[in-house]
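**Q** Sequence first, then the predicted structure, then my questions.
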Amino acid sequence: MTAEFAQFRSAVENHESFLITTHVNPDGDGIGSELALSGYLRTKGKKVWILNHSSTPPNYAFLDSKQEIVRFDARKHESIIKEAAVVIVLDANHPDRLVSLKDHVVRSKAYKVCIDHHLDPAEFADLYIIDEPSPATGEILYKLLLHLDRDSITKEVATCLYAAIMTDTGSFRFPKT
């Protein structure tokens, strides 16, 4: 994935505004991955929004102590999608899983990135960072962040990545673990 990681680095270096989203009814992998990536991008001085179709489940609210994740409302947030230079879809490889954000993301002129570990991605992004053997998107992000900046794994980012990986591995019990 070295080539894809290099393309992602270029997107970060060449753009200032990022929209991050994940699938409907997000789990710990989606939420943790969003917040870990947001944390990294903010340390690079980037403008970041996290918009989701669904509210954050209460059991993951502790990860979002700054309340960065916002439930999408087209009337209120359409301008954010238009302003974002890069749209990053995490833990979902098909725009249908974005529900109310789907049409906005697909129509966006932003550079689109899909980071995921599921099979059979749909054609909607400019860059795919897909690693099907990975048990969680959080693991892919861990590798990506280490590649981009070894110091990027702060305590806050590590907590989010741990939650992401723990969720999708069934507390480290599933076969892909």
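**A** Good, I have the coordinates.
**Q** The residue sitting nearest the centre point of the chain bridge partners, please.
**A** The C-alpha lying nearest the average C-alpha coordinate of the chain belongs to Leu90 (C-alpha atoms, centre = their mean; 3.5 Å). Beta bridges link Leu90 to Thr22, Ile115, judged by DSSP bridges.
**Q** confidence score at it?
**A** Predicted confidence (pLDDT) at Leu90: the value is 98.
**Q** ditto for Phe172
**A** Value listed for Phe172 in the pLDDT field: 74.
**Q** Tell me which stretches of this structure form strands.
**A** 17-22, 47-52, 69-71, 86-90, 111-116, 127-130 (DSSP state E).
**Q** could the ones you listed go into TSV alongside distance to Ile153?
**A** Heads up, the C-betas are built off the backbone N, CA and C, glycines and all. Listed next are the strands of the chain as TSV, based on distance: least, C-beta to C-beta, whole Å:
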stretch	distance to Ile153
strand 17-22	18
strand 47-52	17
strand 69-71	21
strand 86-90	17
strand 111-116	16
strand 127-130	17
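**Q** Identify, out of those strands, the most deeply packed stretch.
**A** strand 86-90 (a mean of 27; mean count of other C-beta atoms under 10 Å).
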